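# make a model of this:
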Amino acid sequence: MNLKTERMVLRPWRETDAEILYEYAKDERVGPVAGWPVHQSVEESREVIRTVFAQEGVFAVTLKEDNKAIGCIGVIRGTKSNFPIGENEGEISYWIGVPFWGQGLIPEAMREVIRYAFEDLKLVNLWCGYFDGNEKSKRAQEKCGFRHHHTCPKKYYPLTGDCRIEHVSLLTYNDWLRWRKD
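Numbers count the residues shown, from 1 in each chain. All right, here's what the predicted structure looks like:
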């Protein structure tokens, strides 16, 4: 399934996206701030596509003009989430390659994934997190109506091998309905 916005198509990942994924995921400014390590090879990127991105609700962020993956966004439901949430709730996560920072692409993609989560999947709450210091991610969430819910104390994250503070935001279905009207 594809989702469309004014400038983008959000589509399932393909193994043929591995080379372009590696180009963005090898940049130390992308993965570590999002909670995952820098990719070391095209094969590692291909394996991430197979094992992490190849699930329902995870999309490659592509520009309409060339359909090349420039980032990732997804909504993961229930027990598959990183948060302890119910089956009628979801967690939105995302990242985008450095050349595309500051263009409003992630908030645009988030708005469509939020619509999909509430209207098509019939979820009641959406959760989103960002690590302390990731102001870009915090702003993207705020632009889409998420509100700070709580802050998790510093804890160890095995993927990155360090301790971090995570801020967790919430968007309820009812808040989304009100936010859309404003």
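# how about low-confidence regions in the chain?
Low-confidence segments of the chain (pLDDT under 70): 181-182.
# pull the longest helix from it.
Longest helix in the chain by number of residues (criterion: DSSP state H): helix 105-115.
# other residues contacting the helix or strand hosting residue 91?
Using DSSP states H and E, residue 91 sits in strand 89-96. With contacts defined as Cβ atoms under 8 Å, 6 or more residues apart in numbering, strand 89-96 is touched by 24, 30-31, 34, 57, 61, 70-78, 81-83, 85, 105-106, 109-110, 113-114, 117, 121, 123-129, 137, 140. Every residue, glycine included, has its C-beta placed from N, CA and C.
# who does that strand pair up with?
The strands beside strand 89-96 in its sheet (DSSP bridges) come out as strand 69-77 (antiparallel), strand 125-131 (parallel).
# any idea which helix or strand comes after the last one?
On the C-terminal side of strand 125-131, the nearest following helix or strand under DSSP H and E is helix 135-143.
# report the angle between that following helix and helix 105-115.
Angle of helix 135-143 versus helix 105-115, following axes from the mean of the first three to the mean of the last three Cα atoms, to 10 degrees, is 40 degrees.
# would you mind putting the CA coordinates of helix 135-143 into CSV?
What follows is helix 135-143, C-alpha atoms only, in CSV (Å, rounded to 0.1, in the frame of the first residue of the first chain):
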residue,chain,number,x,y,z
GLU,A,135,15.2,19.3,18.8
LYS,A,136,14.4,18.6,15.1
SER,A,137,12.3,15.6,16.1
LYS,A,138,10.6,17.4,19.0
ARG,A,139,9.6,20.2,16.6
ALA,A,140,8.3,17.7,14.0
GLN,A,141,6.1,16.2,16.6
GLU,A,142,4.8,19.5,17.8
LYS,A,143,4.0,20.6,14.3
